[in-house]
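Visitor: Sequence first, then the predicted structure, then my questions.
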Amino acid sequence: MVIKSNNFCIVLSSPSGAGKTSISKRLLKIDRSICLSISCTTRPIRKGETHKKDYLFLSDKQFSDLIKKNQFLEYAEVFGFRYGTLRKTIVNFFKKKKDVLFDIDWQGFQQLKQSNLEVVGIFILPPSKKELVNRLKTRGRDTKNEMKKRMNLVQNEISHFPEYDYVVVNKDINICVKQIKNIIESERLKRSRLKNLTNFVDKFRN
Ligand code: 5GP
């Protein structure tokens, strides 16, 4: 299925603990033209999470069935569990003329770039390794084992930053959100995205 739209995908990727989730929440509050893509995952639900709000929590079989039916726009394995974006989620948002925010990893970003969609990739870096470890500890939602796995993967995730269009360091969340909002606004003003510009400019002719 070819998805056509003047809207675009905004991908936020980062190592765990760089603040992606908080940044996404703030962006959604200040920009009503953005909707968040809710992913599917086979990872167990965590305390405080809600099915369909944070993720669609699926069994391995349900996930495999969706792959077979070609329902995913992208999917990947992260920390031993599968995560994926359903095509229909994006189609529905584009129908409503919304830009779509993705909180996905570098593998998903690469797959999206290979689709026919307009994709803007933003990589968020933590200010330092020390700060990253602190943040992972204080959010306290990972088990010790999970935390160890995540720290081992941080290096690998960070190595993918050159593939992104923009890189933002999250030292101060207010500044970081402002910077991302500016990126989004600038992307919206790209000449290539302003489809009716020729008609508009024609009206200035004598
Ligand atoms: P968490 O389990 O902490 O919610 O997410 C783990 C990682 O999976 C994060 O880096 C997140 O960005 C990534 N992720 C979440 N949803 C998707 C998805 O639909 N596709 C891909 N490729 N990665 C995802």
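Guide: That came in fine, so what should we check first? Numbers count the residues shown, from 1 in each chain.
Visitor: Can you report how many residues neighbour the closest residue to the ligand within the chain?
Guide: In the chain, the residue found nearest to the ligand is residue 108; the distance is 2.6 Å by Cβ to the nearest ligand atom. All C-beta spots, glycine's among them, are computed from the backbone N, C-alpha and C. Using other Cβ atoms under 10 Å, residue 108 has 24 other residues around it.
Visitor: what's the nearest residue to it if we skip its chain neighbours?
Guide: In this structure, residue 108 finds its nearest non-sequential neighbour in residue 74, 4.5 Å apart by Cβ to Cβ, 6 or more residues apart in numbering.
Visitor: what about that neighbour, helix or strand, and which?
Guide: Per DSSP states H and E: residue 74 is located in strand 72-78.
Visitor: So which other helices or strands are in contact with whichever helix or strand comes after that strand?
Guide: Remark: after strand 72-78, the chain's next helix or strand is strand 81-86, criterion DSSP H and E. Contact here means 3 or more Cβ pairs under 8 Å, 6 or more residues apart in numbering; DSSP states H and E; on that basis strand 81-86 packs against strand 40-41, helix 60-68, strand 72-78, helix 106-113.
Visitor: And strand 81-86, what's buried?
Guide: 82, 83, 84, 85, 86 (16 or more other Cβ atoms under 10 Å).
Visitor: ok, now which ones touch the second one?
Guide: In this structure, residue 83 makes contact with 39, 40, 41, 42, 43, 75, 76, 77, 104, 105, 108, judged by Cβ atoms under 8 Å, 6 or more residues apart in numbering.
Visitor: residue contacts, the closest residue to the fifth one other than its chain neighbours?
Guide: With sequence-adjacent residues excluded and distances taken as Cβ to Cβ, 6+ apart, residue 43 is closest to residue 81, at 3.8 Å. Contacts for residue 81 (Cβ under 8 Å, 6+ apart) come out as 41, 42, 43.
Visitor: Same question for residue 111.
Guide: 73, 74, 75, 76.
Visitor: again, but for residue 73
Guide: So residue 73 contacts 84, 85, 86, 87, 90, 111, 112, 115, 117 (Cβ under 8 Å, 6+ apart).
Visitor: Beta-bridge partners for the first one, please?
Guide: Here residue 84 shows beta-bridge partners residue 40, residue 75, assigned using DSSP bridges.
Visitor: pLDDT at it, what is it?
Guide: You'll see residue 84 listed with a pLDDT of 98.
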